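Participant: Quick one, what's the 3D model for this:
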Amino acid sequence: MARENKDDHSTAPKAPQEDTPSNTVKDPDNWTTGGETMTGAQASYLRTLCEEAGEAFDESLSKAEASKKIEELQARTGRGRDH
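Facilitator: Predicted coordinates:
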């Protein structure tokens with residue numbers, strides 16, 4: 001017969017509740033580094049999205065501006081939404 005452990009004090013992290021906001025998703029306007037130059041990865045992906053959307057690529061965007069533009073162009077092109 002298996003013995004039940006009544007003192008189970010698991011240290012495993014609890015799954016976040018559905019209505020609990022994630023700290024991994026922040027508004028780009030609230031990023032501490034949002035004013036810095038966009039990253040190389042952002043620039044590369046944004047250039048691809050701009051080509052697909054028929055828009056000019058603006059290399060002077062900040063990290064936060066690039067993030068917002070990426071979201072805008074993903075919505076318009078459908079790219080990156082389900083993958």
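
Participant: what about Lys26, how many neighbours?
Facilitator: Neighbour count of Lys26, defined by other CB atoms under 10 Å: 14. Every C-beta, even on glycine, is put in place using the N, C-alpha and C of the backbone.

Participant: okay but Leu46 is in contact with Leu61, surely?
Facilitator: Yes: the criterion here is CB atoms under 8 Å, and Leu46 meets it with Leu61 at 7.5 Å.

Participant: quick one: common contacting residues for those two?
Facilitator: A shared contact of Leu46 and Leu61, defined by CB atoms under 8 Å, 6 or more residues apart in numbering, is any residue touching both; here these are Met38, Lys69.

Participant: out of the two, which sits in the busier spot?
Facilitator: The residue with the greater number of neighbours, taking Leu46 and Leu61 and applying other CB under 10 Å, is Leu46; the counts read 22 against 18.

Participant: With just CA atoms, put the lowest-mean-pLDDT helix or strand in the chain into PDB.
Facilitator: Taking mean pLDDT, DSSP states H and E as the measure, helix 63-77 is the helix or strand of the chain with the lowest mean score, a mean of 93. What follows is the C-alpha trace of helix 63-77 in PDB, where atoms were taken according to Å, rounded to 0.1, in the frame of the first residue of the first chain:
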ATOM      1  CA  LYS A  63      13.800  49.400 -30.400                       C
ATOM      2  CA  ALA A  64      10.300  50.400 -29.200                       C
ATOM      3  CA  GLU A  65       9.300  52.000 -32.500                       C
ATOM      4  CA  ALA A  66      10.600  48.900 -34.400                       C
ATOM      5  CA  SER A  67       8.600  46.600 -32.100                       C
ATOM      6  CA  LYS A  68       5.400  48.600 -32.800                       C
ATOM      7  CA  LYS A  69       6.000  48.700 -36.500                       C
ATOM      8  CA  ILE A  70       6.700  44.900 -36.500                       C
ATOM      9  CA  GLU A  71       3.300  44.300 -34.800                       C
ATOM     10  CA  GLU A  72       1.600  46.600 -37.300                       C
ATOM     11  CA  LEU A  73       3.100  44.900 -40.300                       C
ATOM     12  CA  GLN A  74       2.500  41.400 -38.900                       C
ATOM     13  CA  ALA A  75      -1.200  42.300 -38.600                       C
ATOM     14  CA  ARG A  76      -1.300  43.600 -42.200                       C
ATOM     15  CA  THR A  77       0.700  40.800 -43.800                       C
END
